[in-house]
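J.: Could you look at this predicted model? Sequence included:
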Amino acid sequence: MKNKSFLLSINLIFIMVSFCLLSFTNGISSVEKDIENHTNSELNLKPKSGIIVTMEVSIPDLVAGLVNDPRKQEFKTPFVAAVERSNAVEGNFLDLFVAEFEKLNEGVLIAKHFFNHNRKRISRTSSNSEILTWLKSKAAEALNETGHVIEKRAMQYGLSKPKITYKTELNALVIELPGVPDNDVVRNKLTANALLRFYEVYENKFNGIAGLILQSEPSLSRALYGEELIEVESDDSSEIDPLLATDDELSETSTIVADAQIQKKYPISSLMHLAFRYNETGEIIDYQEGSVVGYANVKDTAELNFRLNHEVMRISLPQDLVFMWDSKELESEGQPNGLVGLHAIKVPLNGPRVDGRDIQSAAVDNRVVGEFGVSMKMNQIGATKWEEMTTDNLNKQVAITMDGSVFSAPVVNGVMNVNSSITGNFTSAEAKDLATLINAGSIPVPVKIVQIETL
């Protein structure tokens with residue numbers, strides 16, 4: 001009996017000790033959780049990492065946009081010299097430009113090159129020092145406007161509100177973006193000029209632009225390669241011995257040589273399918289209608305830009321003609337096929353008749369099931385200008401461009417004023433991004449990122 005009582009006492013003591021240990025352990029766990037929650041709370045209060053972006057505003061582009069005619073040699077020569085000296089870090093571009101102008105054009109007033117488009121701010125008799133002061137004020141305005149657009153754009157894209165420091169003497173902005181990663185998407189959204197412009201176009205069939213390109217091709221070939229009949233020099237280090245080579249190797253080598261010869265003899269049409277209509281035997285019978293003058297692979301567009309804008313090509317083309325590529329690739333069976341169209345755009349010296357400043361708001365347009373575009377509402381001034389432009393271009397194409405690419409080139413079927421739209425093969429995300437860029441406004445001059453640091 002005593003043994004049973006003893007064992008019962010021992011069991012009771014064991015149970016009590018176990019309970020106490022369990023309670024102590026739970027207490028420790030509770031304290032650990034409190035510490036963990038408190039630590040996590042403190043971590044959440046700490047600012048997330050981000051980036052500091054230094055962006056530089058292009059003052060030469062600003063000046064080129066203010067001048068009456070940037071092609072006039074009296075302006076162009078000192079302008080180019082000032083760009084070269086500025087790139088060599090010899091001083092402020094505007095000071096260098098005025099100094100170069102006065103050195104090359106003694107006694108000539110710079111004002112005559114800027115007066116036509118800026119009559120409210122300067123006169124034809126403004127001194128060169130007054131023009132320099134005015135240009136510097138325009139540079140400061142451009143810098144401030146760029147900062148406002150960047151801030152608005154960042155907010156509309158859902159990024160953190162940026163802290164912007166203006167470095168006027170360097171024509172630069174320092175932008176702090178907490179919680180924003182450094183990637184190409186962020187860079188593109190920040191630096192896109194978003195210069196939305198509406199232009200009249202050259203009609204390929206009526207104006208014969210593709211024909212002018214074809215006629216100038218022999219002159220371009222001679223200018224680039226120095227001889228009318230091109231012979232490709234062989235490279236001894238890469239020659240294949242015909243006695244040892246396989247049929248496939250000989251065939252491949254012949255193809256490469258032939259392609260090189262063709263590209264030298266036909267520097268445009270070897271890279272671009274010009275917009276002609278052909279018969280069954282491949283002979284040209286007519287022009288294709290519309291603003292497109294040719295089609296090329298995306299990878300060849302940079303080289304074609306150089307060749308199409310060569311001075312021997314420009315001689316036969318209208319002075320106000322600017323070539324612009326489609327913003328998106330053409331599609332075959334619903335998939336991008338790598339080709340883009342080249343449009344012939346009329347770009348007047350005094351700027352587009354309608355641009356992004358004339359738009360009050362933009363939004364994604366998905367009224368057609370499965371298709372996305374951007375609807376636009378013009379402001380009061382824009383509605384009047386758009387009505388005049390569409391009246392003058394009834395049953396003709398008008399190109400809607402942004403940053404030198406054609407987003408849409410619709411035929412004007414009726415007079416429009418307040419409402420309009422940009423259509424194209426947009427995805428929902430692309431349409432949203434385009435509407436956001438339009439609503440945030442355009443950066444007045446090109447900018448470039450010169451440095452990115454991590455916060």
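T.: Now that the structure is in, tell me what you want to look at. Residues are numbered from 1 along each chain as shown.

J.: is it true that Tyr199 touches Met402?
T.: No - using Cβ atoms under 8 Å, Tyr199 makes no contact with Met402, being 11.4 Å away. Quick note: C-beta positions are derived from backbone N, CA and C, even for glycine.

J.: Could you check which of the two is surrounded by more residues?
T.: Per other Cβ atoms under 10 Å, whichever of Tyr199 and Met402 has more neighbours is Tyr199, with 26 against 21.

J.: Identify the bridge partners of that one.
T.: Ala399 (DSSP bridges).

J.: quick one: it from Lys328, how far?
T.: Using Cβ to Cβ, to the nearest Å, one obtains 18 Å as the distance from Tyr199 to Lys328.

J.: Repeat that for Gly158.
T.: 24 Å.

J.: between those two, which one's more packed in?
T.: Remark: of Gly158 and Lys328, Lys328 carries more neighbours, 18 against 7, as counted by other Cβ under 10 Å.

J.: Mind telling me what element the closest residue in space to that one that isn't next to it in sequence is part of?
T.: In this structure, Lys328 finds its nearest non-sequential neighbour in Asn425, 5.8 Å apart by Cβ to Cβ, 6 or more residues apart in numbering. Taking DSSP states H and E as the definition, one finds Asn425 inside strand 419-426.

J.: Partner strands of that strand and their direction?
T.: For strand 419-426, pairing defined by DSSP bridges yields strand 372-378 (antiparallel).

J.: Quick one: the helices in the stretch 151-300 of the chain, in order.
T.: Secondary structure of the stretch 151-300 of the chain (DSSP state H, counting those that start in this stretch): helices at 184-191, 204-207, 209-225, 247-265.

J.: Quick one: name whatever helix or strand follows the strand holding Asn425.
T.: Per DSSP H and E, the first helix or strand lying C-terminal to strand 419-426 is helix 428-440.

J.: helices and strands around that following helix, which ones?
T.: helix 128-156, strand 359-365, strand 372-378 (3 or more Cβ pairs under 8 Å, 6 or more residues apart in numbering; DSSP states H and E).

J.: quick one: terminal-to-terminal distance for stretch 406-421?
T.: 14 Å (Cα to Cα, to the nearest Å).

J.: What of stretch 351-370?
T.: 35 Å.

J.: Distance from the helix or strand harbouring Asp61 to the middle of the chain?
T.: Per DSSP H and E, Asp61 falls inside helix 59-66. With Cα atoms, centre = their mean, to the nearest Å as the basis, helix 59-66 stands 17 Å off its chain's centre.

J.: list the helices and strands that helix packs on?
T.: Using 3+ Cβ pairs under 8 Å, 6+ apart: helix 59-66 touches helix 73-87, helix 93-104, helix 128-156.

J.: in the first one, what's buried?
T.: Just to be clear, that refers to helix 73-87. Neighbour-count burial for helix 73-87, counted by 16 or more other Cβ atoms under 10 Å, picks out Phe75, Pro78, Phe79, Ala81, Ala82, Val83, Arg85, Ser86.

J.: Give me the contacts around it.
T.: Outside helix 73-87, the residues within contact range by Cβ atoms under 8 Å, 6 or more residues apart in numbering are 60, 63-64, 67, 69-70, 91-93, 96-97, 99-101, 103-105, 108, 113.

J.: what distance separates it from the middle of the whole chain?
T.: On Cα atoms, centre = their mean, the centre of helix 73-87 falls 25 Å from that of its chain.

J.: Output it as CSV, nothing but the C-alphas.
T.: Extracted in CSV, the C-alpha atoms of helix 73-87 (Å, rounded to 0.1, in the frame of the first residue of the first chain):
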residue,chain,number,x,y,z
GLN,A,73,25.5,76.4,-93.6
GLU,A,74,25.9,79.7,-91.7
PHE,A,75,24.2,78.0,-88.8
LYS,A,76,25.3,74.4,-89.3
THR,A,77,29.1,74.9,-89.4
PRO,A,78,29.4,76.6,-86.0
PHE,A,79,26.8,74.3,-84.6
VAL,A,80,28.7,71.2,-85.5
ALA,A,81,32.0,72.7,-84.3
ALA,A,82,30.3,73.5,-80.9
VAL,A,83,29.0,70.0,-80.6
GLU,A,84,32.5,68.6,-81.2
ARG,A,85,34.1,70.9,-78.7
SER,A,86,31.3,70.3,-76.1
ASN,A,87,31.8,66.5,-76.5
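
J.: Taking helix 93-104 as reference, get the angle to it.
T.: With axes from the mean of the first three to the mean of the last three Cα atoms, to 10 degrees as the basis, helix 73-87 and helix 93-104 are set at 130 degrees to each other.

J.: tilt between helix 73-87 and helix 59-66?
T.: 160 degrees.

J.: what does the last one give?
T.: Taking the same axes, to 10 degrees, helix 128-156 and helix 59-66 form an angle of 110 degrees between their directions.

J.: For Glu228, report the pLDDT, please.
T.: pLDDT, the model's per-residue confidence, is 51 for Glu228.

J.: Same check on Ser332?
T.: Ser332 carries a pLDDT value of 86.

J.: and the gap between it and Leu342?
T.: 18 Å.

J.: With neighbour numbers in mind, choose between the two.
T.: Leu342 (27 against 10).

J.: From the contact counts, what lies against whichever strand or helix holds the more buried one?
T.: Using DSSP H and E, Leu342 maps to strand 339-346. Using 3+ Cβ pairs under 8 Å, 6+ apart, the elements in contact with strand 339-346 are strand 196-200, strand 292-297, strand 321-326, strand 398-402, strand 405-408.

J.: quick one, what contacts Phe206?
T.: Per Cβ under 8 Å, 6+ apart, neighbours of Phe206: none.

J.: ok, 10 Å please
T.: Tyr287, Glu289, Lys396 (Cβ atoms under 10 Å, 6 or more residues apart in numbering).

J.: Let's see which of those end up in strands.
T.: Among the contacts of Phe206, the members found in strands (DSSP state E) are Tyr287.
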